[in-house]
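Trainee: structure for the following, please:
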Amino acid sequence: MIAALLTGIWPTTNIRLMKLFGTSGIRRLADATLLDVAQKTGLALGQRYHRIIVGSDTRTSSPAIKNALFAGLTAAGAKTDDAGILPTPTLAIAAKNYECAVMVTASHNPPEYNGIKLLNPDGSPFNSEQRQYVENNVYATSLSTTSWDMFQNIQYKHNAVDQHIEHILRHFQSDCSIRVVVDCGGGSATAITPRLLDRMGCEVHVLNGTPTGFFPRPSEPVEENLLELKRMIKELNANLGLAHDGDADRVMAVDDLG
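Mentor: Predicted coordinates:
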């Protein structure tokens with residue numbers, strides 16, 4: 001990578017053998033190939049979009065993938081903000097102040113996977129033309145950086161969660177004084193859902209609220225993965241249970257009977 005930055009030319013690899021985009025962004029095992037894809041995705045995005053915000057979930061590989069993205073984005077001359085760990089919907093709200101947003105996550109996939117979701121300012125995913133632009137550049141035989149004196153610094157913007165909470169609270173006028181168990185699944189919901197419910201007036205009990213990068217249960221919040229949540233709802237006589245996946249763009253609601 002250092003040699004590539006010094007020469008301004010990034011060599012190609014065998015990543016053309018894989019399909020880059022799936023149904024929801026780029027996802028694959030967190031390995032050297034994904035790091036390479038992240039660098040080249042960042043360089044491609046930075047050449048078209050000049051104000052970009054980047055967030056990530058709690059996976060152990062997310063800092064490495066994010067830093068690979070930053071290497072490409074800043075070397076392309078893009079002004080980039082690091083939003084820290086947050087849910088994908090939170091980043092989608094924050095994207096309105098940028099030309100695009102990038103989320104490092106593999107959503108509900110197991111922790112050994114990671115990926116990249118690309119969002120427009122209105123929170124929508126990249127369309128087919130935008131995805132094709134990224135693929136063409138990732139698969140290019142060489143990619144050029146901007147001039148060395150135009151490389152940008154990374155800025156840290158960690159108020160996106162607060163802004164999302166305020167955005168949601170504007171739609172709730174009454175005091176929600178109910179008892180809720182929140183299963184964060186060890187994912188990025190830990191950054192927002194318990195705080196939001198507390199602000200809404202709920203009595204909040206948190207399950208799997210420590211983000212270690214290793215999900216304490218399978219990340220997909222389907223019924224067979226929520227046995228502990230169902231048990232805790234009954235034990236606490238709670239009114240409601242909520243469970244998220246790794247990047248908190250999915251939620252399962254469980255009633256007071258579990």
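Trainee: ok, which stretches of the stretch 51-200 of the chain are strands?
Mentor: With strands called from DSSP state E, counting those that start in this stretch, the stretch 51-200 of the chain shows them at 51-56, 79-85, 100-104, 113-119, 142-144, 154-156, 179-183.
Trainee: pipe those into JSON lines and attach mean neighbour count and distance to residue 43 per row.
Mentor: To be clear about C-beta, it is placed using only N, CA and C from the backbone, and glycine gets the same treatment. Shown next, in JSON lines, are those (neighbours: other CB atoms under 10 Å; distance: least, CB to CB, whole Å):
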{"stretch": "strand 51-56", "mean neighbour count": "24", "distance to residue 43": "12"}
{"stretch": "strand 79-85", "mean neighbour count": "20", "distance to residue 43": "12"}
{"stretch": "strand 100-104", "mean neighbour count": "27", "distance to residue 43": "12"}
{"stretch": "strand 113-119", "mean neighbour count": "24", "distance to residue 43": "13"}
{"stretch": "strand 142-144", "mean neighbour count": "15", "distance to residue 43": "5"}
{"stretch": "strand 154-156", "mean neighbour count": "11", "distance to residue 43": "15"}
{"stretch": "strand 179-183", "mean neighbour count": "24", "distance to residue 43": "38"}
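Trainee: which one is residue 122 nearest to, not counting chain neighbours?
Mentor: residue 96 (7.0 Å; CB to CB, 6 or more residues apart in numbering).
Trainee: that older thread, worst average pLDDT in the strands of the stretch 51-200 of the chain?
Mentor: Lowest mean pLDDT within the strands of the stretch 51-200 of the chain: strand 142-144, a mean of 76.
Trainee: show me how far that strand is from its chain's centre.
Mentor: 27 Å (CA atoms, centre = their mean, to the nearest Å).
Trainee: how many residues are close by the residue nearest to residue 215 when sequence neighbours are not counted?
Mentor: Distances taken as CB to CB, 6+ apart put residue 186 closest to residue 215, at 4.7 Å, once the chain neighbours are dropped. Residues lying near residue 186 (other CB atoms under 10 Å) number 25.
Trainee: what do you get for residue 140?
Mentor: As a burial measure, residue 140 scores 14 neighbours (other CB under 10 Å).
Trainee: what about it, distance to residue 172?
Mentor: Separation of residue 140 from residue 172 (CB to CB, to the nearest Å) stands at 48 Å.
Trainee: is it possible to get CSV of the strands of the stretch 51-200 of the chain that adds distance to residue 225?
Mentor: What follows is the strands of the stretch 51-200 of the chain, written out as CSV (distance: least, CB to CB, whole Å):
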stretch, distance to residue 225
strand 51-56, 22
strand 79-85, 22
strand 100-104, 22
strand 113-119, 16
strand 142-144, 41
strand 154-156, 34
strand 179-183, 9
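Trainee: tell me where the model's unsure across the stretch 51-200 of the chain.
Mentor: For the stretch 51-200 of the chain, applying pLDDT under 70 flags the ranges 173.
Trainee: what segments of it are helices?
Mentor: Ranges of helices in the stretch 51-200 of the chain, per DSSP state H, counting those that start in this stretch, are 62-75, 88-94, 128-138, 160-169, 193-199.
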